[in-house]
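Colleague: Attaching a predicted model along with its sequence, questions to come.
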Amino acid sequence: MTQQLPPQPASVRPPIQNALVMAAFPAAMGVIFMLSAFVNYGFGLEGIVIALFENLLPQCMFAAGAFVSLAFVKPPRLDRSVKVLIVPLLIAGGIGTVVHLVYRLIYLGIRSAFEHGPAHSINVGSLVSNVILLTIAVALGAVILRARLWKGELVTGASARQNTVVDALIIAGLVVAEFVVTGLFTGLFYVFTPYGGFNVFGTYFGTELLRGVFVGGAVLLVLAVIRPLSRVRSISSVIVTALIVVGASFVVMAILQVIMLAIEGMLQHVFYYVFFLILWGALDTGILVALAIFVILALRGERVATAGWSVQS
């Protein structure tokens, strides 16, 4: 009997429909950003401006750029190996970043023209971490759509002989690496500001590295002990695992942040830091972990199928 990956379904969504679904993920992040801004800044004029023009629209601009790329420039082939998604998603992330950056430059230019004081500048660290998160969100949408086509691939990948500790270490390492990259770019931005310097760089980079190590440890615990990949056999189970990671990451970062604020004598700002900054870090971690799980199980499922095992359809 010939062994092969599950056949492509008879009806596959057109590229534009797939692009809409994938672009909806970063747009949804914009809605969450907006709601969080309302919680922190209120529903006055300032809160509305910050929520709409600094939180919702930038993410929607990224989503629009990604949609154009995914629908017309380089539509991803969801009926192929998960590896072929890399180039289309990188292109989509690049175009989305350009649109996102252009919007921010226009917005800051308008603000500088109507406000007194020094001209506003883009926080490069925030920009980099933001577009990384949005690109990961687009990629998550792509692998979810692909998983819906290749029914049985997640089950095959989860059923294959594996070392759950190694899987957990790989994913936890990715989480730590993202924190390192974020801390690096954020710290470098402050080096070149009037109130910055290498001491500030060390503070930001060290803080992000510390968060990354603790969050990576929480991810390792969840994926190695609480929810190993061998138990993840469907899209819904991946989402449940990611939500557990979000909760664990939030608790770990919140505790760490409260300790840091107590040391600095800034506990009065705990609400802003915990329910605004920490929440985004936890969501970012959950999205990255979900993406990594989908990719690892898809690759393992493909390898098992090509090695002669049957895949459930």
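Modeller: Done, it's in.
Colleague: Mind checking the pLDDT average for the helix or strand containing residue 145?
Modeller: Assessed by DSSP states H and E, residue 145 sits inside helix 124-149. The average pLDDT within helix 124-149 is 91.
Colleague: Repeat that for stretch 97-106.
Modeller: Computed over stretch 97-106, the average pLDDT equals 95.
Colleague: Flag every buried residue along it.
Modeller: 97, 99, 100, 101, 103, 104 (16 or more other C-beta atoms under 10 Å). C-beta here means a position set from N, CA and C on the backbone, and glycine is covered the same way.
Colleague: Stretch 216-230 now?
Modeller: Result for stretch 216-230 [16+ other C-beta under 10 Å]: buried residues 216, 218, 219, 220, 221, 222, 223, 224, 227, 228, 229.
Colleague: Now tabulate those in JSON lines and tack on distance to residue 133 and secondary structure.
Modeller: JSON lines is the format used below for the buried residues of stretch 216-230 (distance: C-beta to C-beta, whole Å; DSSP: H, G, I helix; E, B strand; the rest coil):
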{"residue": "216", "distance to residue 133": "17", "secondary structure": "helix"}
{"residue": "218", "distance to residue 133": "18", "secondary structure": "helix"}
{"residue": "219", "distance to residue 133": "16", "secondary structure": "helix"}
{"residue": "220", "distance to residue 133": "21", "secondary structure": "helix"}
{"residue": "221", "distance to residue 133": "23", "secondary structure": "helix"}
{"residue": "222", "distance to residue 133": "20", "secondary structure": "helix"}
{"residue": "223", "distance to residue 133": "20", "secondary structure": "helix"}
{"residue": "224", "distance to residue 133": "25", "secondary structure": "helix"}
{"residue": "227", "distance to residue 133": "22", "secondary structure": "coil"}
{"residue": "228", "distance to residue 133": "26", "secondary structure": "coil"}
{"residue": "229", "distance to residue 133": "23", "secondary structure": "helix"}
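Colleague: Which of these sits closest to residue 159?
Modeller: residue 229 (10.5 Å; C-beta to C-beta).
Colleague: surely that closest one meets residue 160?
Modeller: No: with contact defined as C-beta atoms under 8 Å, residue 229 does not count as touching residue 160 (9.8 Å).
Colleague: In the stretch 201-313 of the chain, where is pLDDT below threshold?
Modeller: 269, 272-273, 275-276, 307-313 (pLDDT under 70).
Colleague: In contact with residue 212, which residues are there?
Modeller: 175, 176, 177, 178, 179, 180, 183 (C-beta atoms under 8 Å, 6 or more residues apart in numbering).
Colleague: Quickly find the element holding residue 237.
Modeller: With DSSP H and E as criterion, residue 237 is part of helix 235-264.
Colleague: Go through that helix and flag the buried ones.
Modeller: So, applying 16+ other C-beta under 10 Å, buried residues of helix 235-264: 235, 237-238, 241-242, 244-246, 248-250, 252-254, 256-257, 261.
Colleague: Okay, angle between it and helix 124-149 too, please.
Modeller: With axes from the mean of the first three to the mean of the last three C-alpha atoms, to 10 degrees defining the directions, helix 235-264 sits at 160 degrees from helix 124-149.
Colleague: starting at the chain centroid, how far to helix 235-264?
Modeller: 15 Å (C-alpha atoms, centre = their mean, to the nearest Å).
Colleague: got the phi/psi numbers for residue 44?
Modeller: Phi and psi for residue 44, reported as degrees, to the nearest 10, are phi -80, psi -180.
Colleague: Over to residue 79?
Modeller: phi -90, psi 10.
Colleague: Wait, it touches residue 85, no?
Modeller: No: checked against C-beta under 8 Å, the pair residue 79 and residue 85 is beyond contact range at 11.2 Å.
Colleague: With neighbour numbers in mind, choose between these two.
Modeller: residue 85 (21 against 14; other C-beta atoms under 10 Å).
Colleague: residues near residue 205, how many?
Modeller: 22.
Colleague: those helices in the stretch 151-300 of the chain, which residues are they?
Modeller: 153-159, 164-191, 198-221, 235-264, 270-272, 279-306 (DSSP state H, counting those that start in this stretch).
Colleague: Show me the one of these that comes nearest residue 26.
Modeller: Nearest of those (C-beta to C-beta): helix 279-306, 10.2 Å.
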